[in-house]
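Visitor: can you look at this prediction? I've put the sequence above it.
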Amino acid sequence: MGRFAVAVGLALSLAWSTARLAGQEGRAPANLATKAGEWPSYGRDLANTRYSPLDQINASNFSKLEVAWRFKTDFLGPRPEFKLEGTPLMVNGRLFATAGTRRAVVALDPETGEMLWMHSELEGPRGEASPRKLSGRGLAYWSDGTNERVLYVTIGFRLVALEAKTGARISSFGKDGLVDLKEPAVVGGGDPIDPVKGEIGLHATPLVAGNVVIVGGTFSEDSGTLPPTHNNIKGLVQAYDVRTGKRLWIFRTIPMPGEFGNETWEKDAWAVNGNNGVWTQMAIDEQLGLVYLPVETPTSDYYGGHRPGNNLFAESIVAVDMKTGQRKWHFQLVHHPIWGFDIASPPILADVMVNGQAVKVIAQPGKQSFLYVLDRATGRPVWPIEERAVEQSDVPGEKTSPTQPFPTKPPAYDRQGSSIDYLIDFTPELRAEAVQLVSKYKLGPIFTPPVVAKAEGPRGTLALSAGSGGSNWPGGAFDPESHVLYISSQSGAFYLWDLIPPKKESDMRYIKGNPMSGEGQGGLTMLNVRGLPLPKPPYGRISAIDLDRGDILWQIPHGETPDNVRNHQALKGLTIPRTGQPCAGLVGMMLTKSLVVSGECAYTTLNGRRGAMLRAYDKTSGQEVGAVYMPAPQSGSPMTYMINGKQYIVLAIGGASYVGEYIAFRLPS
């Protein structure tokens, strides 16, 4: 495969930037202990706190922010990208990001947005066959105090190491700067996959600690179409030496014979099932020497009849030794998963005080709107997590777990399952229509199983918290000073499941899940009331959770009321408080000394101007203290840095017909 690396005015740019950087503070240390003004990792640190102590931008001036620069991405790749999800890094006076439909890596001047260099791999058929295209979430940075590297995973699932100063591949890493991540991937009983057509990739970033770089993997998204087989490629996590590219270890998320957990795949189901990848961000505790792996769902999301048993390590947090990959402990959040509760949010590591005792915890948000808080050295729950009996499935061939884990603290931070109480209630008439609409569907608490759809009812199972409810890939943030965790979530879309019989193009039964609609017997059923969302507000929110006590401190709707709600004829004359937006769980946040900062996830029209707002909230109260206009919704997660005495906030925006771009804000000069 070819390589395409471009240096834009490289000699002049590097000479200029080197001279300018010479007067600044020293380089980032090898262990990436974070300087106040930098953002050296996707979650700012290996704990995914997304916290910066900067406070030049604060409640008194946030609304005065101006656009400092914009970096458009439409020229990076064969076609424009409308789903730019990256979070840039800023280290040693340079900003690094991925962008474009071919997943280019760019280095930018953090004051002006000028491109210093660009690198892109031309991967041909291998890239075209990828299940995870576009630019992904970003990249990783490493330095030993002298050498600097950035590392990223290509669309074709290869790990690349680049010189941070020039963007050139490092020839001593792997084979000419590349490591083929498909080589150890297997299918079935252990057969190698096709190196070109094998469908495995990654949107998340690599994670670097010490001299180890760790990479997850994932597969085609389960979007409601019928997979051809349940015997898909198996999930794995790989670790490599950051200097040489030598593979250090592999952890397989579907245990092979003789490995811990293999017996939880009954009737040798391990040999004929796949997926179970680690597709979101991981976390690392360097002192404990542990990597925390948030594992997704096996094939398929909503039907497990082909994989009897609890299916370790599906929907589990697994702690493995950073140097050897050996499992140290695990905690399964959902047994025999069939609700689409794959762990999407990055785990957050926090040091807290519980009952007067210092505890190192891992806090894991989820699509089910539970926050699972565990001792990160042992995996034991900080507060009791109870195994409670749940309703059992009557779908043919399905055998659900008799119990599921329920955290006792903190309480669920968004709505779960489905209930008449959750339905739209702006007026009695709208509530009555909603009740009639759901009367032929099955409602129930979290872990209510799917059903076989029948024309006379039930036509499916409805739930707020399945599929894409609760919190998704952007995750939350943690304030190490106040010990408060902040998390965004959404409950604005019901999901429906029904059983689709096997078809000739697939060897599996399959449960279909759709937001706001379900394709069952009787055709397409739109789950809304006169075009209004079926559930009542808030559709999306931000919650503040005290991790010392396990209490929710405050909750606020996040995002302006959607246009179709605010302007609806049935609501004319009513005062509708801000509802939040039903995609709020799909946008991330960052914390500063005093603020929670997060953008809106959808377009609205305010004062004749269509776009979205970047909002700031007081960390202690949740009160909004400022907002600035953006021409498109937030599509990635924000970050912040300080350079030459100025604080910047940078985030990705895009969506609909607006091509993704990075936009930077700062205070007026």
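Guide: Yep, it's here. Residues are numbered from 1 along each chain as shown.

Visitor: now stretch 453-469: buried residues?
Guide: 453, 458-469 (16 or more other Cβ atoms under 10 Å). To be clear about C-beta, it is placed using only N, CA and C from the backbone, and glycine gets the same treatment.

Visitor: and the end-to-end length of it?
Guide: With Cα to Cα, to the nearest Å as the measure, stretch 453-469 spans 22 Å from end to end.

Visitor: equivalent analysis for stretch 93-102, please.
Guide: From start residue to end residue, stretch 93-102 stretches across 26 Å - Cα to Cα.

Visitor: swap in stretch 383-400?
Guide: End-to-end for stretch 383-400, by Cα to Cα: 26 Å.

Visitor: which pair of the buried residues of stretch 453-469 spans the longest distance?
Guide: Using Cβ to Cβ, the pair of the buried residues of stretch 453-469 lying farthest apart is Pro458 and Ser468, separated by 21.7 Å.

Visitor: before we move on, the earlier item: mind checking which of the buried residues of stretch 453-469 land in strands?
Guide: Among the buried residues of stretch 453-469, the members falling in strands (DSSP state E) are 461-463.

Visitor: which residues sit against stretch 424-434?
Guide: 423, 529-530, 532-536, 570-571, 574, 576 (Cβ atoms under 8 Å, 6 or more residues apart in numbering).

Visitor: in TSV, list the ones in strands among the buried residues of stretch 453-469 along with distance to Glu163 and pLDDT.
Guide: Formatted as TSV, these follow (distance: Cβ to Cβ, whole Å; pLDDT from 0 to 100):
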residue	distance to Glu163	pLDDT
Thr461	53	91
Leu462	53	92
Ala463	49	91
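
Visitor: picking that back up, closest one of the contacts of stretch 424-434 to Ala47?
Guide: Checking the contacts of stretch 424-434 against Ala47 by Cβ to Cβ gives Pro535 as the nearest, at 33.5 Å.

Visitor: show me what the closest one is bridged to.
Guide: Applying DSSP bridges to Pro535 gives these bridge partners: Leu423.

Visitor: please report how far it lies from Thr244.
Guide: Remark: distance between Pro535 and Thr244 (Cβ to Cβ, to the nearest Å) = 53 Å.

Visitor: what about the two, which has more around it?
Guide: The neighbour comparison of Pro535 against Thr244 (other Cβ atoms under 10 Å) goes to Pro535, with 25 against 14.

Visitor: surely that one is in contact with Gly492?
Guide: Yes. Under the criterion of Cβ atoms under 8 Å, Pro535 makes contact with Gly492 at 6.1 Å.

Visitor: okay, how far is it across stretch 299-319, tip to tip?
Guide: 23 Å.

Visitor: what does stretch 470-481 give?
Guide: Stretch 470-481 has an end-to-end distance of 26 Å (Cα to Cα).

Visitor: confidence-wise, which helix or strand of the chain is lowest on average?
Guide: helix 10-21 (a mean of 33; mean pLDDT, DSSP states H and E).

Visitor: each with direction, which strands does the following helix or strand past it pair with?
Guide: Once the chain leaves helix 10-21, the next helix or strand it forms, by DSSP states H and E, is strand 66-72. Strand pairing for strand 66-72, using DSSP bridges, gives strand 658-666 (antiparallel).
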